[in-house]
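A.B. asks: 3D model of this:
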Amino acid sequence: MQDFETEIKTADGVMDVFVCHPDQNGPHPAVILYMDAPGMREELRDMARRIGTVGYTVLLPNMYYRTGREGHYGYDLSRIRVDDDERAKMFAVMSSLTNARVVDDTKGLLGFIDNCAAAAPGPVGCVGYCMSGQFVMSVGAAYPDSFAAIASYHGVKIITDQPDSPHLVANRIKGEVYLGFASDDPHVPEEELAAMPGAMQAAGIKHTIEIYPDTEHGFVFPQRPVYKKAAAERHWETMLALFDRRLR
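C.D. replies: The predicted structure is shown next:
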């Protein structure tokens, strides 16, 4: 496995990006991993590597680059689960992102992929966690000819009452969508989850919606107390099957 850090210029500055890909049999289809609210950390790099080991070139961008580099976001990552003030600081940084900003940043990521020798030409996949559920749907709609596989796990704000709600532009998506949700998730209101099948059907897109029983928000992350191994492995199975169907 090869991995390295690179920088990509955007309209708002320079975004640092972790990249990994297999040593052999390249180039490989590209996948963008959009992070969850806590931000860049080794746990996410390991998840990117796991995708990479089965034959993908994976980009993991620091979506908080406007705020700072890893470890310099203005909150203590080690304390966000036990300190309300630190958690509030994290949510403030998270709130600095918008669908429009992530769509614009993705333009740079796709440009990098186009010129990366390790990335095979052709369709691109993406996966988003937690806060990035809204973002993967938004980029899938903004770049329908690029993204053939779009996955979200315990994703938030896919359906909102705001004018930039991703469900309003979902009809532009040409790729296949997989949405996996926890059965107990205060960050995804029951009314939003209930509306999800109808919204995706109305958009006319190929999609799968799955609710993972006996799980809580963040169940895929091995370093969280809510981690559920069986459900997390199911998440890997569904994601990689999607990428295999649509990217190869």
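
A.B. asks: now stretch 175-195, how far from the centre of its chain.
C.D. replies: Remark: stretch 175-195 is offset 15 Å from the chain centroid, using Cα atoms, centre = their mean, to the nearest Å.

A.B. asks: for it, list every residue counted as buried.
C.D. replies: Residues 175-182, 185, 187-188, 192-193 are the ones in stretch 175-195 that count as buried (16 or more other Cβ atoms under 10 Å). (C-beta placed from N, C-alpha, C; glycine too.)

A.B. asks: before we move on, what about stretch 54-72?
C.D. replies: Buried, per 16+ other Cβ under 10 Å, within stretch 54-72: 55-65, 67, 70.

A.B. asks: just the endpoints, please. Distance across it?
C.D. replies: 32 Å (Cα to Cα, to the nearest Å).

A.B. asks: related to what we said a few turns ago, what's the most distant pair in the buried residues of stretch 54-72?
C.D. replies: The largest separation in the buried residues of stretch 54-72, counting by Cβ to Cβ, is between Gly55 and Thr67 at 33.3 Å.

A.B. asks: now do the host helix or strand of Asp16: distance to the chain's middle.
C.D. replies: Per DSSP states H and E: Asp16 is located in strand 13-21. Offset of strand 13-21 from its chain centre (Cα atoms, centre = their mean): 14 Å.

A.B. asks: buried stuff in it?
C.D. replies: Residues Met15, Asp16, Val17, Phe18, Val19, Cys20, His21 are the ones in strand 13-21 that count as buried (16+ other Cβ under 10 Å).

A.B. asks: out of those residues, who's nearest Glu7?
C.D. replies: Asp16 (5.5 Å).
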